[in-house]
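this one's structure only:
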């Protein structure tokens, strides 16, 4: 056993062995660069480099992972998302000091040597042999850049990262060959730029631009001499020289960089001394990553944008590819979100429904005529904590939402529109008793429905006969059951499809008479978009959340567009407008009426009060508000919501005021056009079409097409909780 020297150092035998090992490494490198794999280096060198010629000549450099930025309609930032916080910039956008500092401390001979610094290698061999270790490095900036490319390509896979950074002769030789080719292809300045953009500066900051923002809250082009030296010093050991957690060590390292810059005459000694005399002054900007960082409650809208991108094959063949593009692609996504509307949605929900209430509230607002989603929000914040959630209660399940909620009587206007399109007059009267059995059989798109369920109104005093206007204002269940039974279910299904209505979980809509009473689960966004059809004189526009997307190179990408189509005649839409203006002026929705502008809408409350709604619109905005238990378990009897006690909750007393306040704020200072309507006289003053006497029977659906038995189509949705039951008020 060899003896150690006094003081515990290695013996001469050990020194010789280590020197020989490092010499073999250097020899192998030199052999791989310039010599055949034979000669004085022996078998060790030959084995190390015999595959040198088999290494591909060109380094595959994947696009650098960059942050994606999501903007509102005016260009304000909603959130940024990334797997690595990086913003790629050119040398012109980097301070000359930071360029000089990184070269000075990492590779002072960068501009005078080739891809490999042979002088540096020999110096490292000598110093390592003398010290008995291998601490002295010899990698050039070009080689370090190549290693960083390997690490970038490995991503977050720990096994791949370990392989990319393993200290083996084979990896070193591979790194060297790529470095040679890159020097030939890119040149020094481009390599320096790439290095400063790819390298890790600690505190989750990749690249000098993100590092400048993280530590000093400024751009890389504005870095001072001292700040530049501090960042350059971090690179060797981001943890050890972290100025946030180890300011003394970071200061000493900064001063080392400053002295080195002065030695190389990048700056004068006086400049270096002046910078070294200054204490480190950080202005740390903590990482803001993901939709959870959004303000004004826009986290759910941000998450919806994410789902749009992940579900659209325009952005990649697989969901995995699309997800990577979202997290790493450096996209700039301009959305339809209107900040005024979003703030108003969140303020109203927070005022009327508390985050820790036993039930929740959600709302969505769209623009008629364009389908643009202006905002969406919830009473429970976006997040992982207590009374928070990441389930978007405003949208369908496939877009990150839940199972949806029965819309109750807010579905009745769709039935009214279908009836009007079939030629049924708004003056059509029905007996509308307090309680009745469902008429049977009822024609569906592919057969008949027949059962023995009963339906009743909310108030025993609600007894007809009623015509459509009063039945809508009072939300008379038995009127609408008689109406859909006369008309048939298929025209209602067809109208729903034309208005973009689908069940929230993608299942087919059940063709039962209770659909007239909103017995099948929908999302607030679906209902808001459907009602926007009435506001735009019968034109339905599918909802969209994205205005434009540019990639990291500034190239515009294709984005999903709204699909607008005629769903009903202008006369039908104007008639429904008249019906629903009556609801907010004289009916169940008076608490939701807006002052100083035309509005229309409908209340909805489901059986057992699992959900309450108000859906309404003006010519320039349509919105839906839902309040209930997302788990479909808590009935809203003897409950306090937003500090207000309720014996039982109605669509008028909680969702209605939420809608009124959010729409009032969203439209404040904006034009107040009139809703186009037709005149409908009192429901009992006239018969059909103004003629006294017995009302004409409604027109039956014509055979063929969607009305033909066995034809038609189905809408996705949930199994009906109520079956053929009441549906609600």
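Yep, it's here. Owing to the predicted nature of the structure, the values given are computational and were not obtained by experimental measurement.

thinking residue 465 is in contact with residue 429, fair?
Yes. Counting by Cβ atoms under 8 Å, residue 465 touches residue 429, with 4.5 Å between them. Just so you know, the C-beta spots here come from the backbone N, C-alpha and C atoms, and that holds for glycine as well.

neighbour-wise, which of those two wins?
Using other Cβ atoms under 10 Å, the more surrounded residue of residue 465 and residue 429 is residue 429, with 22 against 15.

How confident was the prediction at the more buried one?
Looking at residue 429, its pLDDT is 96.

got it, and residue 434?
You'll see residue 434 listed with a pLDDT of 95.

can you tell me how far residue 377 sits from residue 558?
Counting by Cβ to Cβ, to the nearest Å, the separation of residue 377 from residue 558 is 29 Å.

Who has more neighbours out of the two?
A count of neighbours by other Cβ under 10 Å puts residue 377 above the other of residue 377 and residue 558, at 30 against 10.

A strand includes that one, no?
Yes. Counting by DSSP: H, G, I helix; E, B strand; the rest coil, residue 377 is part of a strand.

That one: what's it in contact with?
297-298, 300-301, 342, 345-346, 349, 362-363, 394 (Cβ atoms under 8 Å, 6 or more residues apart in numbering).

and what of residue 208?
By Cβ under 8 Å, 6+ apart, residue 208 lies in contact with 89, 94, 98, 196-197, 199, 201, 220, 231.

which one of the residues you listed has the most neighbours?
In terms of neighbour count, residue 231 stands highest of the contacts of residue 208 at 31 neighbours, by other Cβ under 10 Å.

still on that earlier bit, please flag which of the contacts of residue 208 sit within helices.
Judged by DSSP state H, the contacts of residue 208 include 98, 196-197, 231 as members of helices.

Which one of those is nearest to residue 331?
In terms of Cβ to Cβ, no member of those lies closer to residue 331 than residue 197, at 17.3 Å.

if I look at the closest one, how far off is residue 115?
Plainly put, residue 197 is 19 Å away from residue 115 if you go by Cβ to Cβ.

hey, what's residue 68 bridged with?
Beta bridges link residue 68 to residue 81, judged by DSSP bridges.

Mind telling me what element the nearest residue to residue 306 once chain neighbours are set aside is part of?
The spatial neighbour of residue 306 that comes closest, neighbours along the chain excluded (Cβ to Cβ, 6 or more residues apart in numbering), is residue 326 at 6.0 Å. Residue 326 is located in helix 319-328, with elements delineated by DSSP states H and E.

what sits up against that helix?
Residues outside helix 319-328 that contact it (Cβ under 8 Å, 6+ apart): 63, 65-66, 68, 81-84, 306, 309-313, 315-316, 331.

Kindly recompute the last result at 10 Å.
62-68, 70, 81-84, 86, 152, 155, 289-290, 305-306, 309-316, 318, 329, 331, 333, 549, 551-552, 557 (Cβ atoms under 10 Å, 6 or more residues apart in numbering).

Kindly supply the ChimeraX command isolating those of those that are buried.
Selection command for ChimeraX covering only the buried members of the contacts of helix 319-328, criterion 16 or more other Cβ atoms under 10 Å:
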select :64,65,66,67,68,70,81,82,83,84,86,152,155,289,290,305,306,309,310,315,316,329,331,333,549,551,552,557
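
Give me the subset of the contacts of helix 319-328 that lies in helices.
Using DSSP H, the members of the contacts of helix 319-328 that fall within helices are 152, 305-306, 309-311.

And the pLDDT for residue 221?
Reported pLDDT for residue 221: 97.

cool, and the one 5 residues further on?
Residue-level confidence at residue 226 comes out at 97, pLDDT.

Please apply the same query to residue 63.
pLDDT, read off for residue 63, is 80.

Surely it touches residue 331?
No. In terms of Cβ atoms under 10 Å, residue 63 does not count as a neighbour of residue 331; the distance is 11.6 Å.

overlap in contacts of these two?
Residues touching both residue 63 and residue 331 by Cβ under 10 Å, 6+ apart: 325, 551-552.

Next, the contact list for residue 661, please.
Going by Cβ under 10 Å, 6+ apart, residue 661 touches 344-345, 347-349, 351-352, 592, 594, 625.

Neighbour-wise, give me the winner out of the residues you listed.
Neighbour counts for the contacts of residue 661 peak at residue 625, which has 37 neighbours (criterion: other Cβ under 10 Å).

Now do the same contact list for residue 212.
Neighbour list for residue 212: 87, 89, 94-95, 98, 201, 205, 218-223, 227-228, 231, 285 [criterion: Cβ under 10 Å, 6+ apart].

Report how many residues lie close to the residue nearest to residue 306.
Residues lying near residue 326 (other Cβ under 10 Å) number 21.

residue ranges with poor pLDDT in this protein?
Scanning the chain for pLDDT under 70 picks out the ranges 1-60, 62, 120-138, 156-157, 160-161, 163-171, 682-729.

Residue 361 belongs to a strand?
Yes. The assignment for residue 361 by three-state DSSP puts it in a strand.

So it is in contact with residue 612, correct?
Yes. Counting by Cβ under 10 Å, residue 361 does reach residue 612; the two are 9.5 Å apart.

Show me which of those two is the more surrounded one.
Higher neighbour count among residue 361 and residue 612: residue 612, with 32 against 28, using other Cβ under 10 Å.

residues touching that one, list them.
359, 361, 405, 408, 410, 603-606, 625-628, 636, 641, 646, 648-656, 728-729.

and if you look at residue 419?
So residue 419 contacts 425-426, 428, 468, 480, 483-484, 486-487, 491-492, 495, 516, 572, 698-699 (Cβ under 10 Å, 6+ apart).

For residue 105, which non-adjacent residue is spatially closest?
Residue 105 sits nearest to residue 257 (Cβ to Cβ, 6+ apart), 4.7 Å away.

Which positions within the host helix or strand of the one you found qualify as buried?
Counting by DSSP H and E, the element that carries residue 257 is helix 247-263. Within helix 247-263, the residues that qualify as buried by neighbour count (16+ other Cβ under 10 Å) are 250-251, 253-262.

Other residues contacting the helix or strand just after it?
On the C-terminal side of helix 247-263, the nearest following helix or strand under DSSP H and E is helix 269-277. Residues outside helix 269-277 that contact it (Cβ under 10 Å, 6+ apart): 97, 224-230, 251-252, 254-263, 266-268.

got the shared contacts of residue 63 and residue 331 as CSV, with distance to residue 582 columns?
Compiled in CSV, the shared contacts of residue 63 and residue 331 are given as follows (distance: Cβ to Cβ, whole Å):
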residue, distance to residue 582
325, 49
551, 51
552, 54
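
If we only consider those residues, which is nearest to residue 387?
Minimum distance to residue 387 across the shared contacts of residue 63 and residue 331 is 32.9 Å, recorded for residue 325 (Cβ to Cβ).

Distance check, that closest one against residue 558.
To residue 558, residue 325 is 13 Å away according to Cβ to Cβ.

Need the residues touching each of these two.
With contacts taken as Cβ under 10 Å, 6+ apart, residue 325 and residue 558 have 315, 549 as neighbours in common.

Roughly how far does residue 428 sit from residue 465?
In terms of Cβ to Cβ, residue 428 sits 10 Å off from residue 465.

what do you get for residue 485?
To residue 465, residue 485 is 16 Å away according to Cβ to Cβ.

Also residue 269?
101 Å.

got it, and residue 506?
Applying Cβ to Cβ, the value for residue 506 to residue 465 is 40 Å.

Kindly report the same for residue 239.
Distance from residue 239 to residue 465, counting by Cβ to Cβ: 81 Å.
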